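1. I would like to see how this sequence folds:
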Amino acid sequence: MAGETDGRTADWDEVVCMGLECEQSLTFSTRVVLTFPRGGLMPRRPPPSRRRAPRQERAQATVDAILTATARVLLRDGYEAASTNRIAQEAGVSVGSLYQYFPSKEGLVTALMEQHRARSLADFEAGLVPLAGQPLPVAMRAIIRQVLAVKRENPRLNQVLHELMPRMRQWGLSDAYSQRLHRLVRAFLAPRFEDLRPRNLDMAVFILVNTVEALCHTALTDRPDYVEDDAFVDEIAALAVGYLRPEPALARPRRATRERVARM
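-> Below is the predicted model of the structure:
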C-alpha cells in the first residue's frame, strides 16, 4: 500500500473500485489515496475476446483479416510463439489497429474460436431443415456426414483450437455455441420424442451430442482415414439410432401377448 496518515487514526469512509485499481479514501481533512496491486480487493475478470465491435464493412474486413492471420500464425508458429505483433504483421495492419478490436493474444484466439463455431453452427442449422421429415436413420447419417465435413474442412486448425479449449474457458469463451447446438438437436428430436427410448430428452441430447462429437474428433486425430469412410458414418449412425430407439426386448412381449389373444 502507498500513502501516509501523519500518525493520525482514520476510519474507512468509502471504497471506489474501477477496473483493476481500487482507491480508498479516509476521513481526514486531506484525502489519502491507497492503490492496491492487481488482484488486491476484487478478483480479476477474464479479458473479453473483443475490445469493440466493427460497425462498418471496412472495419469488418479488418477484423476478418486479423482473425485469418491469427489462424495462419497459430498453424505456422504455434500458440506459444504467436504474438500480437506477428499477427498484425501477417494481417498487414498496425498493432494499434489490432488493439482497437482485440485486447490481447488470448482475445484473438477466443474470437477465432467463436467465429469458427458460429460458421459451423450456421451450416449445421441449415442442414437440419430438410431432415425434419426424414426417417431417423436417414437423418442421423446426414447429420453425422455434416459434422465430419466440418472437421475435414480445416483439420489442423480444428486440432489446434481443440487443444486450446481448456485455456479458452479460463479466458472467458462463451458457452452460447454449446447451448445453441443443444437447442437445435433438442428441437430436431422433440417431434419424435414419443417414439424414442429415453424419457429425459435433455439428457438424451447431452449424451448424443457429446458422443458424436467425441467420436468424430477422435477419428480426426487418431484415424483420419475413417473421416472419409462412409462405413464410419454408418457405424456412428447405428450407434446413435440404437441409443434413441426403443429396446427390442420391450416390444417382443407385446407381440407375444397379441398372438396369444388371437389364438384364444
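2. Wait, Val93 touches Ala65, no?
-> Yes: when contacts are counted by C-beta atoms under 8 Å, Val93 is listed as touching Ala65 (6.9 Å). Placement of C-beta: from N, CA and C, glycine included.
3. who's more crowded, the two?
-> Relative neighbour count places Val93 above the other of Val93 and Ala65, with 18 against 15, counting by other C-beta atoms under 10 Å.
4. Does Ala88 touch Val95 like I think?
-> Yes: counting by C-beta under 8 Å, Val95 is a contact partner of Ala88 at 4.6 Å.
5. the more surrounded of those two?
-> The neighbour comparison of Ala88 against Val95 (other C-beta under 10 Å) goes to Ala88, with 21 against 13.
6. Contacts only, for that one.
-> For Ala88, the set of contacting residues under the criterion of C-beta atoms under 8 Å, 6 or more residues apart in numbering consists of Ile66, Ala69, Ser94, Val95, Ser97, Leu98.
7. Just the ones of these in helices?
-> Judged by DSSP state H, helices contain the following of those: Ile66, Ala69, Val95, Ser97, Leu98.
8. Looks like Leu108 contacts Tyr101 (just checking).
-> No: between Leu108 and Tyr101 there is no contact under C-beta under 8 Å: 9.0 Å.
9. shared neighbours of these two, anything?
-> Residues touching both Leu108 and Tyr101 (C-beta under 8 Å, 6+ apart): Ile66.
10. of these two, who's got more company?
-> Neighbour comparison, Leu108 and Tyr101: the larger count goes to Leu108, with 26 against 22 (by other C-beta under 10 Å).
11. Would you mind listing the buried residues in the host helix or strand of that one?
-> When secondary structure is defined by DSSP states H and E, Leu108 falls within helix 105-128. Within helix 105-128, the residues scored as buried using 16 or more other C-beta atoms under 10 Å are 105-117, 120-121, 124, 128.
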